[in-house]
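# sequence and predicted model, in that order:
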Amino acid sequence: MAVAAPPLQELPSFPTLPKKRMPAGRPREWYESHNRRLKAMRLAIALLNSGVYRPEQAPNRKIRSTAARIGVHPPSDTTCRMVRSLIRTDHTDHTDRPARR
C-alpha cells in the first residue's frame with residue numbers, strides 16, 4: 001500500500017520576470033495555444049508543489065481544484081491532458097550512460 005506524501009511547506013515567493021507584450025501579427029490559434037501552455041505549466045508546478053508527482057495522481061477534478069486554489073480559470077480537458085503530460089514520469093535511468101568526452 002502506497003503512503004501519500006505529506007504536502008510541501010509553503011515555498012518562498014520569488015519575484016517574477018516583468019511581463020512582455022505578445023508579438024503582434026500571429027494567428028489567433030497561436031495566442032490560444034501559447035496561453036494554454038503557460039496555464040498548463042503553472043498548474044503542473046502547483047501540483048508538483050502539492051505532492052502530485054505522477055500523472056495518474058492528477059485527475060481532471062484535482063487539476064481543476066488546484067486551478068481554483070491558485071486563482072486560475074478552470075482548465076479545459078485539453079489543458080488537463082497537457083498538465084498530465086508535463087508531470088509524466090520517465091522510467092529511463094540516465095545514470096548508467098557512459099560520460100561523453
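Sure thing, it's come through.
# which residue ranges form the helices in the chain?
Secondary structure of the chain by DSSP state H: the helices cover 28-49, 60-70, 77-86.
# now the most centrally placed residue in the chain. Nearest residue, chain neighbours left out?
When Cα atoms, centre = their mean is applied to the chain, the residue found nearest the centroid is Ala44 (1.7 Å). Of all residues not flanking Ala44 in the chain, Leu86 sits nearest, at 4.0 Å (Cβ to Cβ, 6 or more residues apart in numbering). Just so you know, the C-beta spots here come from the backbone N, C-alpha and C atoms, and that holds for glycine as well.
# count the residues that sit near the nearest residue to Asn60 once chain neighbours are set aside.
Nearest non-adjacent residue to Asn60, counting by Cβ to Cβ, 6+ apart: Cys80, 4.6 Å away. Other residues within reach of Cys80 by the criterion other Cβ atoms under 10 Å amount to 21.
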